[in-house]
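Engineer: Mind looking at a prediction? Sequence and model below.
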Amino acid sequence: MATSLQDELHIELKRWEAAGLKRELVLPEGVDFTSNNYLGLANDEGLVAAAKKALDEFGVGAAAARLLRGNLKVHQDAENTAARWLGSEAALLFPSGWQANQAALTTLTTSKDVIFSDALNHASLIDGARLSKAPVEIFEHNDTKDLEERLKKHSGARRRIIVVESVYSMDGDLAPLSELLDVAERHDAHLYIDHAHGAGVFEDRYLNSDRILGQMITGGKALGVGGAFICGSRSLIDLLINRGRSFVFTTAVTPSTAAALTKAIELVTSEPERAARVLKQAKRLREKLSAQGIHAPGESPIVPVVLGSEKRAMAVAESIREAGFDVRAIRPPTVPAGTSRLRIVCHADHTEAQIDKLAETIAHSVARFPEENREQPAPTPPRTMVVCGTDTEVGKTVVSALLVRSLLRRDVPLRYLKPIQTGDDTDTQTVQSLSGMPQSLMLDPVVWLPLPASVDQAAEDAGTEVRLNTVLAGVQERFKQAPEALWISECAGGLRVPYNTEEDQGDLLQALGAPVALVARSALGTLNHTLLTVEAMERRGLKLAALFLVGDYHPANFKTLQSRLPNIPIYELPRLAPLNTDALDAWLDEHSLERLFS
């Protein structure tokens, strides 16, 4: 009997809970060291009075999108105040920072552009980049050298947009904005800055330059209210008004929110001592924790204490809450596995006595749940090259055998794995036969389904379901057998082959984080299939290591792909007849794969 959808949802929740990741909504109790109310403005009498006045004048809601009847003077007043605050020509008010970032990144980019996103960017920036049509390059956190290398690869793009946060929400560290601006200048790029956790606290970090495409400030953190502004040129704001879908198709911010934001910005600019006070309190907490042997990095009001496992972080946080402090644990997927932590947030209205008592409580709770209880982060995976196709029957198995044979000829320690096999034919055996690789170095698939079809269809035919976490766990277990080896891993078909209704093969490649050797037909039609696959890989942050064109030589297709992918090695592999080890050796005698594995 088939399970109902509700049963499936229940099972998913149980899996989430078993992994230690289930969340619950909890009402606030104790002294607030969790919210982002950095300057203590959320309950400020002046803001409350401004909101009440707007309620009396405009009512409780705008009742329409801004382009209809929802555009009120109170919105325009807030926008003008925000623009003056950041020194920009104009500003546009959104219901949330999430909607603001989504509007900016989806409106300002096309497939001709490239987004360069910091590895620790907030989910709103990540999703905004995914929803845009632009390829995405993810550079190492705050690493301007890595950013420059990636910019060099895309010098021909129409627009290059570097996307960063001013202050990072989980580690509390600052982006090197001046250095990033210099990089943008050198490479004809532009900077989009999310000031969500910096606005009102680090006002010296608002930049004015032609290289600044836009700056986003949220109203729900230091300003203590809600909503968000994008500040920039008049042209930018007008474009967002016309084409920013998350602005055009949403109800306007409530009048009371807009009025309170105006008042909050006025207070922030007239009372800079609030920002100085919160930074002083955060510094005091870091020093008190350091004296107890607890490392708490960062430079902002956000003070992280990394504890390792989800279980330990939850236990320590609960112990602290029992002592009267509202401190929460942050777990994956918000932070990487093995880095679950306390995310402590200082406020300007905290007292020194509260800071000192909290530091003492944290030290006691951390000692109560000691280090040996921590689950160690997953070991670094071995070197891996993934072979993926633009389609089925394009020659992935032959290319896999070719790569294996090349490494065997160089005496490189290696293993071969096809995580999912569909159909009775065994690609693992074909690779072993063609390459001459010892059988002991060929690993069995994690999943083997009888029907020769896509993974989801073969699974349905077998009365089962393939889930990413199961496949990934099986792959990682096999990796443990030879962590020193170089692994050649062959996909089951193309990048977007579905595993189930939610997950596909691209999700596995993202989880593995390995470079990809892409296999395509050389014949007519390959340009569209290949370039669409490359675009999909870029959007997922996958690294294309090489392209193999399999079949009769097609000089025009080769030339076109070479011009579109100038930094990618492209190899032409004819249909070998007979197809055997000698034929692979003959090809390798004429073609070096050294660059692919360097």
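Structural biologist: Perfect, I can see it now.
Engineer: Next, work out how far apart P135 and A459 are.
Structural biologist: With distances taken as C-beta to C-beta, to the nearest Å, P135 is found 31 Å from A459. Quick note: C-beta positions are derived from backbone N, CA and C, even for glycine.
Engineer: likewise R211?
Structural biologist: In this view, R211 and A459 are 50 Å apart by C-beta to C-beta.
Engineer: between the two, which one's more packed in?
Structural biologist: A459 (22 against 17; other C-beta atoms under 10 Å).
Engineer: I'd guess that one is in a helix, am I close?
Structural biologist: Yes. Counting by DSSP: H, G, I helix; E, B strand; the rest coil, A459 falls inside a helix.
Engineer: Show me where the stretch 451-598 of the chain has its helices.
Structural biologist: Secondary structure of the stretch 451-598 of the chain by DSSP state H, counting those that start in this stretch: the helices cover 455-461, 468-479, 505-512, 526-539, 555-564, 581-590, 594-597.
Engineer: Revised request: answer the last question for the stretch 51-200 of the chain.
Structural biologist: Per DSSP H, counting those that start in this stretch, the stretch 51-200 of the chain carries helices over the ranges 73-86, 97-107, 123-131, 144-153, 177-186.
Engineer: With mean neighbour count, mean pLDDT and distance to P28 added, can I get the ones you listed in a markdown table?
Structural biologist: Converted to a markdown table, these look like this (neighbours: other C-beta atoms under 10 Å; pLDDT from 0 to 100; distance: least, C-beta to C-beta, whole Å):
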| stretch | mean neighbour count | mean pLDDT | distance to P28 |
| --- | --- | --- | --- |
| helix 73-86 | 20 | 97 | 27 |
| helix 97-107 | 25 | 96 | 21 |
| helix 123-131 | 20 | 91 | 23 |
| helix 144-153 | 16 | 93 | 39 |
| helix 177-186 | 16 | 95 | 33 |
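Engineer: need these in a markdown table with distance to G308, can you?
Structural biologist: As requested, those are arranged in a markdown table below (distance: least, C-beta to C-beta, whole Å):
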| stretch | distance to G308 |
| --- | --- |
| helix 73-86 | 39 |
| helix 97-107 | 29 |
| helix 123-131 | 22 |
| helix 144-153 | 27 |
| helix 177-186 | 31 |
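Engineer: H195: which of the ones you listed is closest?
Structural biologist: helix 73-86 (8.3 Å; C-beta to C-beta).
Engineer: helices and strands around the closest one, which ones?
Structural biologist: helix 45-58, strand 90-94, strand 212-218, strand 228-232, helix 255-270 (3 or more C-beta pairs under 8 Å, 6 or more residues apart in numbering; DSSP states H and E).
Engineer: who touches it?
Structural biologist: 54, 57-58, 62, 66, 89-93, 206, 215, 217, 229, 231, 252-253, 255, 258-259, 261-262, 265-266, 268-269 (C-beta atoms under 8 Å, 6 or more residues apart in numbering).
Engineer: Derive a PyMOL selection command for the buried subset of those.
Structural biologist: Applying 16 or more other C-beta atoms under 10 Å to the contacts of helix 73-86 leaves a buried subset, and the PyMOL line that selects it is:
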select buried, resi 54+58+62+66+90+91+92+93+206+215+217+229+231+252+253+255+258+259+261+262+265+268
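Engineer: three-state assignment of R343?
Structural biologist: On the basis of three-state DSSP, R343 is classed as strand.
Engineer: Heading C-terminal from the longest helix along the chain, find the next helix or strand.
Structural biologist: For the chain, the helix with the greatest residue count under DSSP state H is helix 273-291. Next in sequence after helix 273-291, counting helices and strands by DSSP states H and E, comes strand 302-308.
Engineer: Could you name the helices and strands sitting against that following strand?
Structural biologist: helix 273-291, strand 340-345, helix 352-368.
Engineer: Deepest in the core, which of those is it.
Structural biologist: Among those, strand 340-345 has the highest mean neighbour count (mean count of other C-beta atoms under 10 Å), at a mean of 25.
Engineer: For it, name the packing helices and strands.
Structural biologist: Using 3+ C-beta pairs under 8 Å, 6+ apart: strand 340-345 touches strand 302-308, helix 310-322, strand 328-330, helix 352-368.
Engineer: mind giving me a markdown table with the ones you listed and columns for mean pLDDT and distance to Q562?
Structural biologist: Formatted as a markdown table, those follow (pLDDT from 0 to 100; distance: least, C-beta to C-beta, whole Å):
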| stretch | mean pLDDT | distance to Q562 |
| --- | --- | --- |
| strand 302-308 | 93 | 46 |
| helix 310-322 | 92 | 48 |
| strand 328-330 | 92 | 46 |
| helix 352-368 | 95 | 57 |
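Engineer: Format these as JSON lines; extra columns: distance to I162.
Structural biologist: Output for these, formatted as JSON lines (distance: least, C-beta to C-beta, whole Å):
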{"stretch": "strand 302-308", "distance to I162": "22"}
{"stretch": "helix 310-322", "distance to I162": "32"}
{"stretch": "strand 328-330", "distance to I162": "26"}
{"stretch": "helix 352-368", "distance to I162": "36"}
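Engineer: Tell me which of these lies nearest to L25.
Structural biologist: The nearest among the helices and strands packed on strand 340-345, by C-beta to C-beta, is strand 328-330 at 11.9 Å.
Engineer: What pairs with the closest one, parallel or antiparallel?
Structural biologist: strand 340-345 (antiparallel) (DSSP bridges).
Engineer: Compute the inter-axis angle for the partner strand and helix 273-291.
Structural biologist: Angle between the axes of strand 340-345 and helix 273-291 is 140 degrees (criterion: axes from the mean of the first three to the mean of the last three C-alpha atoms, to 10 degrees).
Engineer: ok, back up a step: in JSON lines, list the helices and strands packed on helix 73-86 along with mean pLDDT.
Structural biologist: Shown next, in JSON lines, are those (pLDDT from 0 to 100):
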{"stretch": "helix 45-58", "mean pLDDT": "96"}
{"stretch": "strand 90-94", "mean pLDDT": "98"}
{"stretch": "strand 212-218", "mean pLDDT": "95"}
{"stretch": "strand 228-232", "mean pLDDT": "97"}
{"stretch": "helix 255-270", "mean pLDDT": "96"}
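Engineer: mind checking which of the ones you listed is nearest D425?
Structural biologist: strand 212-218 (51.8 Å).
Engineer: quick one: that closest one to helix 123-131, angle?
Structural biologist: Relative orientation of strand 212-218 versus helix 123-131 (the same axes, to 10 degrees): 130 degrees.
Engineer: helices or strands up against strand 212-218?
Structural biologist: Taking 3+ C-beta pairs under 8 Å, 6+ apart as the contact cut, strand 212-218 packs with helix 73-86, helix 97-107, strand 190-194, strand 228-232.
Engineer: And the third one, how far out from the chain middle?
Structural biologist: Relative to the centre of its chain, strand 190-194 is centred 16 Å away, using C-alpha atoms, centre = their mean, to the nearest Å.
Engineer: F548 contacts P574, doesn't it?
Structural biologist: No. Using C-beta atoms under 8 Å, F548 is not in contact with P574, being 11.2 Å away.
Engineer: Neighbour count: the two, which is higher?
Structural biologist: F548 (24 against 13).
Engineer: ok so, going back, quick one: closest of the helices and strands packed on strand 302-308 to M437.
Structural biologist: strand 340-345 (40.6 Å).
Engineer: looking at this structure, which helix or strand does the model trust least?
Structural biologist: None of the helices or strands of the chain scores lower by mean pLDDT, DSSP states H and E than helix 5-18, at a mean of 75.
Engineer: What pairs with whichever helix or strand comes after it, parallel or antiparallel?
Structural biologist: As assigned by DSSP H and E, the chain's next helix or strand after helix 5-18 is strand 31-32. Looking at strand 31-32 with DSSP bridges, its partner strands are strand 325-326 (parallel).
Engineer: Find out how far the partner strand is from the centre of the chain, if you would.
Structural biologist: Counting by C-alpha atoms, centre = their mean, strand 325-326 comes out at 29 Å from the chain centroid.
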